[in-house]
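Visitor: sharing a model that was predicted from the sequence below.
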Amino acid sequence: MPSDVPPQLRRLDAIAASLSAREGTLALIGLGSVGRETARIDAYSDLDFFVIVQPGFKARFIERLDWLEAAHPLAWHFRNTGDGHKALMADGLFCEFAAFEPQELEAIPFAPGRVVWKRDGVDDGIATPRRALPRPNTDETWIVGEALSCLFMGLARWRRGEKLSAMRFVQVYALDRLVELDALATRAAGGDPFGADRRLENRQPTLAAELPRLAPGYAHTPQAALAMLDALARRGAALPEAITARIRALAA
């Protein structure tokens, strides 16, 4: 293998070799940056993958990780879902995987992946999802309404002394809606259907420059709420006086 191949891809090939030597395995699918987006791999990329097994073998590959340790020793792991684990390898590579039987893939939404290895006879399309991915929200009225309601509720909790909840409503939930609105306004492409904040700094640089004011932290939620109103206005959001006046009063 060429020396310039990223360590993540080398490790995935080692996992494939381990699986190929075990009964009941059908395929290994790489996802995300180790799937079809290998140009994104950097020193901090992890390993996201699906292990596809024959019916009846799923529990074996979830409950016993000898096949993963054969690729490289594990420093730590835990079962984070009914289908798989998160694991830290001894050299620092982080893994997140799930094991599925072929029929289960029909009901699982996932971004198209890359077949790293498969047995003869396994369909070449096994890494292509059958279920549609979540679509970006394009209902601007809903987005803005949710943002305003989160600002109001968050500031009410701030006044009540519930500062952690307030921070989350203003600097997380309302900010999520602003990210959606900005993506609509800028037609930002290349987002993650499961996490709109992924790679935001590259996709939405104008919004990224505003983040220190929009997410200043636990002690600064009122300031964040006012910054959020200004950011919504700059993106053309309809801001009814009846609600915005209340938000400004609570933030005062």
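Guide: Cool, got the structure. Quantities reported herein were computed from a predicted structural model and do not represent experimental measurements.
Visitor: how does the protein divide up, domain by domain?
Guide: 7-127, 140-251 (automatic domain parsing).
Visitor: quick check: longest helix of the protein.
Guide: helix 140-160 (DSSP state H).
Visitor: what about that helix, average pLDDT?
Guide: Helix 140-160 shows a mean pLDDT of 96.
Visitor: likewise stretch 232-240?
Guide: Mean predicted lDDT for stretch 232-240 stands at 94.
Visitor: just the CA coordinates of it, formatted as PDB?
Guide: The C-alpha coordinates for stretch 232-240 follow below in PDB (Å, rounded to 0.1, in the frame of the first residue of the first chain):
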ATOM      1  CA  LEU A 232     -31.900  37.000  12.300                       C
ATOM      2  CA  ALA A 233     -32.700  40.600  11.100                       C
ATOM      3  CA  ARG A 234     -29.600  40.700   8.900                       C
ATOM      4  CA  ARG A 235     -30.800  37.500   7.100                       C
ATOM      5  CA  GLY A 236     -34.200  39.100   6.300                       C
ATOM      6  CA  ALA A 237     -36.200  37.300   9.000                       C
ATOM      7  CA  ALA A 238     -39.700  38.700   9.800                       C
ATOM      8  CA  LEU A 239     -39.500  39.800  13.500                       C
ATOM      9  CA  PRO A 240     -42.900  40.700  14.800                       C
END
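Visitor: contacts for it, please.
Guide: 140-141, 144, 147-148, 178, 181-182, 185, 229 (Cβ atoms under 8 Å, 6 or more residues apart in numbering). Heads up, the C-betas are built off the backbone N, CA and C, glycines and all.
Visitor: just to revisit the earlier point, would you turn the domains of the chain into JSON lines with mean neighbour count?
Guide: Listed next are the domains of the chain as JSON lines, based on neighbours: other Cβ atoms under 10 Å:
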{"stretch": "domain 7-127", "mean neighbour count": "17"}
{"stretch": "domain 140-251", "mean neighbour count": "17"}
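Visitor: mean pLDDT for the ones you listed: which is lowest?
Guide: When I compare the domains of the chain, domain 140-251 is least confident, with a mean of 90.
Visitor: what about it, start to end distance?
Guide: Start and end residues of domain 140-251 are separated by 24 Å (Cα to Cα, to the nearest Å).
Visitor: if anything else comes up later, I'll come back, but that's it for now.
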